[in-house]
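A.B. asks: here's a sequence, model it:
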Amino acid sequence: MNPATVTGPSRWEQLSEGIPRPFWALLLGTFITKAGSFVMPLLFVYLTQARLLPLPLAGAITSLYGLGSLFGSLLGGVMADRYGRRFTMLTSLLVGAAFALVLGLAEQLWQLAFATFLLGLTADAYRPASQALVADIVPPKHQMKAFGMQYWAINLGFTFASVIGGFMAKRNFGALFIGDAITTLVLAFIVWRAIPESRPEPSADPLRPPPGGHALTPFTDPKYAPFLLLNFLVALLFFQHLSSLPEDMRLKGLSTEEFGLSIAANGLLIVMFQPLATRWASGYTRARVLALAAALTGLGFGLTTFATSLPTYILTVAIWTWGEILFSPVNASIVATLSPTHLRGRYQGAFTITWSTAAMLSPLIGSSLIPVIGHRALWFGCFGVGLVVAVAHLTFSARALPKEAVTE
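C.D. replies: Residues are numbered from 1 along each chain as shown. This is a model prediction of the structure:
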């Protein structure tokens with residue numbers, strides 16, 4: 001055989017190696033439902049511009065989504081370990097679709113608040129079960145790749161949702177809730193038809209039962225708890241794009257369509273560059289990659305104070321998006337590595353709780369601080385927090401997290 005004709009595996013073969021069929025079905029369903037996730041990105045805009053609620057009240061109601069998500073993540077993690085990943089995902093999706101419609105029909109203030117809380121509760125019970133399922137069915141050496149593909153599909157869908165949602169919001173806010181519910185049901189159908197149960201069987205040896213655990217075990221893990229805290233601080237910065245950012249753009253004369261386009265740039269950049277990010281980061285420790293991600297996130301939001309037009313806003317979004325591109329797949333692989341097999345749902349739930357808590361507190365912090373200190377001080381504060389987290393990753397995380405370098 002001519003050596004010149006010998007080639008290595010194709011890009012598709014490299015991508016699909018070690019990835020089982022149920023993962024591809026989950027990936028497709030994830031893209032579809034994220035392409036129709038109109039409600040959460042535009043909830044604050046809906047409350048302030050369609051329902052004409054004052055800024056602090058809109059921030060308080062938006063934060064109830066995060067509060068519901070917090071309890072939903074905890075509940076979903078326990079359910080995934082106790083009743084199974086598939087059952088938890090189906091329950092969350094079916095009930096979540098119903099509450100998306102309920103929120104769209106809500107008229108009274110208390111109805112808006114209650115429906116927002118319940119939507120957050122049901123929507124994020126899905127996440128820990130989904131992440132635990134990926135950790136169950138994908139071999140450890142291919143998990144970083146699998147989580148990267150899942151993250152890519154989420155953001156490809158998010159790009160469509162941001163653009164379509166921004167235009168729909170200007171014409172008919174009610175359609176957002178219907179579209180969100182329909183795409184959620186599509187994912188539920190895919191889970192029902194194509195996703196098997198993956199929960200590991202408990203130990204059959206009565207002399208060696210798995211060690212005990214409860215809902216708060218991840219928060220008492222000496223390696224895992226500080227990692228959760230640092231992730232929470234970065235998430236607190238990240239969620240400013242759903243509350244403080246649209247208000248900043250409104251005050252500077254930009255429209256909801258321009259907000260949708262700027263946020264769509266986030267998803268578009270992730271779709272374009274995330275597949276290359278792991279290759280670029282390969283050879284660096286996970287702690288160093290997370291430090292760079294935190295610094296870029298803080299810098300992107302810090303520079304928002306100087307943005308005055310759509311191109312300049314897109315530039316700031318691009319900077320903090322690079323932080324997101326780096327930290328999301330690395331974080332997911334760390335959670336899978338540090339999680340005991342029989343507590344994967346709880347550990348995934350604890351990780352999701354850091355995002356849920358940030359989603360709850362971020363609009364409260366932003367809407368409370370902006371009238372007092374102004375947008376400029378808020379954005380500079382975001383920059384400072386990003387630098388503090390970066391230093392913490394270079395010191396504490398460099399000793400506590402897995403020492404392996406990022407691999408493709």
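A.B. asks: what residue is smack in the middle of the chain?
C.D. replies: W355 (7.1 Å; Cα atoms, centre = their mean).
A.B. asks: pLDDT below threshold where in the stretch 301-408 of the chain?
C.D. replies: For the stretch 301-408 of the chain, the stretches with pLDDT under 70 are 402-408.
A.B. asks: got the contact list for the residue nearest to the centre of the chain?
C.D. replies: Counting by Cβ atoms under 8 Å, 6 or more residues apart in numbering, W355 makes contact with S69, S73, N231, F232, A235. C-beta: built from backbone N, CA, C; applies to glycine.
A.B. asks: number of residues surrounding the residue lying closest to the last one once chain neighbours are set aside?
C.D. replies: If I follow you right, that is A235. Nearest non-adjacent residue to A235, counting by Cβ to Cβ, 6 or more residues apart in numbering: A358, 3.6 Å away. By the criterion of other Cβ atoms under 10 Å, A358 has 23 neighbours.
A.B. asks: next, give phi and psi for the residue nearest to the centre of the chain.
C.D. replies: For W355, the backbone dihedrals (degrees, to the nearest 10) come out as phi -70, psi -40.
A.B. asks: how close does it get to F238?
C.D. replies: 8 Å (Cβ to Cβ, to the nearest Å).
A.B. asks: quickly find the element holding G323.
C.D. replies: helix 310-338 (DSSP states H and E).
A.B. asks: mind listing the helices for the stretch 201-350 of the chain?
C.D. replies: 217-220, 224-238, 244-251, 256-281, 286-302, 310-338, 344-392 (DSSP state H, counting those that start in this stretch).
A.B. asks: export the shortest one as CSV, just CAs?
C.D. replies: Output of helix 217-220 as CSV, limited to C-alpha atoms (Å, rounded to 0.1, in the frame of the first residue of the first chain):
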residue,chain,number,x,y,z
THR,A,217,-23.3,16.3,50.6
PRO,A,218,-21.7,18.2,47.6
PHE,A,219,-21.7,21.4,49.7
THR,A,220,-19.6,19.8,52.4
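A.B. asks: buried ones in that helix, by neighbour count?
C.D. replies: Buried residues in helix 217-220, counting neighbours by 16 or more other Cβ atoms under 10 Å, are found at T217, P218.
A.B. asks: chain center to that helix, what's the gap?
C.D. replies: Taking the mean of its C-alpha atoms, helix 217-220 sits 21 Å from the chain's own mean (Cα atoms, centre = their mean, to the nearest Å).
A.B. asks: the longest one too?
C.D. replies: Helix 344-392 has its average C-alpha position 14 Å from the chain's average C-alpha position, going by Cα atoms, centre = their mean.
A.B. asks: that one to helix 244-251, inter-axis angle?
C.D. replies: 60 degrees (axes from the mean of the first three to the mean of the last three Cα atoms, to 10 degrees).
A.B. asks: and for the next helix or strand along the chain from helix 344-392, what are the contacting residues?
C.D. replies: Later in the chain than helix 344-392, the nearest helix or strand by DSSP H and E is helix 398-400. Residues outside helix 398-400 that contact it (Cβ under 8 Å, 6+ apart) are K223, P226, F227, T285, A287, R288.
A.B. asks: pull the most distant pair out of the contacts of W355.
C.D. replies: Put simply, by Cβ to Cβ the two of the contacts of W355 set farthest apart are S69 and N231, 14.7 Å from each other.
A.B. asks: who has more neighbours, the two?
C.D. replies: S69 (29 against 21).
A.B. asks: residues contacting the more buried one?
C.D. replies: Contacts of S69 (Cβ under 8 Å, 6+ apart): G120, L121, A123, D124, T352, W355, S356, A359, M360.
A.B. asks: which helix or which strand is home to it?
C.D. replies: Per DSSP H and E: helix 55-82 holds S69.
A.B. asks: and what of L42?
C.D. replies: helix 39-45.
A.B. asks: next, the buried residues of the helix holding S69.
C.D. replies: Counting neighbours by 16+ other Cβ under 10 Å, one finds that the buried residues in helix 55-82 are 55, 57-81.
A.B. asks: then stretch 346-360?
C.D. replies: Under 16+ other Cβ under 10 Å, the buried positions of stretch 346-360 are 346-360.
A.B. asks: again with stretch 19-38
C.D. replies: Buried residues in stretch 19-38 (16+ other Cβ under 10 Å): 19-20, 22-23, 26-27, 29-38.
A.B. asks: ok, now stretch 219-228?
C.D. replies: Buried positions in stretch 219-228, judged by neighbour count with 16+ other Cβ under 10 Å: D221, Y224, F227, L228.
A.B. asks: list the contacts of it.
C.D. replies: 218, 334, 338, 347, 350-351, 353-354, 392, 396-397, 400-401.
A.B. asks: same check on stretch 98-112?
C.D. replies: So stretch 98-112 is contacted by 39, 47, 51, 61, 114-116, 118-119, 122-123, 173-174, 176-178, 180-181, 184 (Cβ under 8 Å, 6+ apart).
A.B. asks: so which bits of that stretch are buried?
C.D. replies: For stretch 98-112, a neighbour-count test (16+ other Cβ under 10 Å) marks F99, A100, L101, V102, L103, G104, A106, L112 as buried.
A.B. asks: and stretch 390-406, by the same measure?
C.D. replies: Of the residues in stretch 390-406, those buried (16+ other Cβ under 10 Å) are A390, A392, H393, L394, F396, S397, A398, A400, L401, V406.
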